[in-house]
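Q: Structure of the sequence below:
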Amino acid sequence: MEDHSSSLRISVLASSSSGNTTYIETPKRKILVDAGLSGKKIAHLMASINRKLEDVDTLFVTHEHSDHVQGVGVLARKYQMDVYANEKTWQAMAHKIGKVATAQKHIFEMGKTMTFDDLDVESFGVSHDAIAPQFYEFHHDGRSFVILTDTGYVSENVAGTIKDADAYLFECNHDVEMLRCGRYPWPLKQRILGDKGHLSNEDGGRALIDVIGNHTKKIYLGHLSQENNVKELAHLTISQMLAAEDLGVGHDFKILDTDPAVADPLVCV
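A: Below you'll find the model as predicted:
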């Protein structure tokens with residue numbers, strides 16, 4: 001049964017290696033994390049959960065890769081959103097997003113926490129082949145939601161930062177054998193498999209075993225490669241790994257799938 005006691009709500013609008021954006025709302029804030037699709041597609045995804053881009057006030061950026069920033073400039077210009085990223089990410093994405101008004105550009109330092117009315121946002125650095133990649137944990141009214149979708153591994157420091165959140169959007173990018181046997185050139189395979197690449201299904205499972213706790217109720221499996229993974233395999237792998245550790249899969253928490261083009265329902269954390 002859905003817990004409606006929280007006023008922190010989330011929808012993973014799109015998550016894959018081709019485009020990522022997540023919507024989060026509290027009574028006082030409506031925000032997006034990343035905008036890795038066209039403005040038109042994001043508007044359509046928002047409409048599918050009965051929300052409007054005109055009401056979004058803030059956009060947080062994790063890193064400069066196109067599957068996270070494709071729509072940042074368009075959304076900032078059209079909807080006058082305030083955009084937050086660390087300084088190095090601003091520099092790296094400038095040529096991709098075009099002009100953003102100075103008044104809308106804000107620095108969010110790595111490892112810092114900022115307060116936006118009734119929402120506290122904590123940033124943390126990860127190991128990925130971007131200039132200064134950082135992800136976020138969102139805190140409201142005693143509940144928390146973590147987004148972590150682009151990292152080669154989860155360090156002890158990151159695991160400690162994100163431990164026992166109420167909900168996670170967590171990377172399960174690839175199945176190792178599908179990647180190894182697939183059509184990608186070997187240098188790209190090495191990049192994905194490396195410490196600054198992406199978490200495999202197994203890597204994601206091992207990291208989740210370390211971080212989920214008694215508060216955890218929802219785990220979204222995100223950033224799946226459309227070439228080197230399938231939802232059913234990622235879901236099965238994670239479920240089996242967590243169940244093998246006697247964690248309450250399907251009882252204490254739900255494992256949920258995400259999609260490149262279909263928004264997950266807007267739910268309470």
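Q: Give me the distance between Lys88 and Asp120.
A: 23 Å (Cβ to Cβ, to the nearest Å). Just so you know, the C-beta spots here come from the backbone N, C-alpha and C atoms, and that holds for glycine as well.
Q: and what of Ala132?
A: Applying Cβ to Cβ to Ala132 and Asp120 gives a distance of 21 Å.
Q: now do Gly204
A: 26 Å.
Q: who has more neighbours, these two?
A: Under the criterion of other Cβ atoms under 10 Å, the comparison of Gly204 against Asp120 puts Gly204 first, with 29 against 14.
Q: My read is that the more buried one contacts Leu169, right?
A: No - contact criterion Cβ atoms under 8 Å: Gly204 and Leu169 do not qualify, at 11.1 Å.
Q: How much space separates the residue nearest to Lys218 when sequence neighbours are not counted from Asp117?
A: Spatial nearest neighbour of Lys218, excluding adjacent residues (Cβ to Cβ, 6 or more residues apart in numbering): Ala167 at 4.1 Å. Separation of Ala167 from Asp117 (Cβ to Cβ): 20 Å.
Q: Kindly report the same for Val56.
A: Taking Cβ to Cβ, one finds Val56 at 14 Å from Asp117.
Q: So these two - more neighbours on which side?
A: Taking other Cβ under 10 Å, Val56 and Asp117 do not tie; Val56 has more neighbours (23 against 11).
Q: residues contacting that one?
A: Residues in contact with Val56 (Cβ atoms under 8 Å, 6 or more residues apart in numbering) are 23, 30-32, 46, 75, 79, 81.
Q: Ranking by neighbours, what's the top pick from those?
A: Ranked by neighbours (other Cβ under 10 Å), the contacts of Val56 are led by Leu32, which has 25 neighbours.
Q: Shouldn't it be within a strand?
A: Yes - using DSSP: H, G, I helix; E, B strand; the rest coil, the assignment for Leu32 is a strand.
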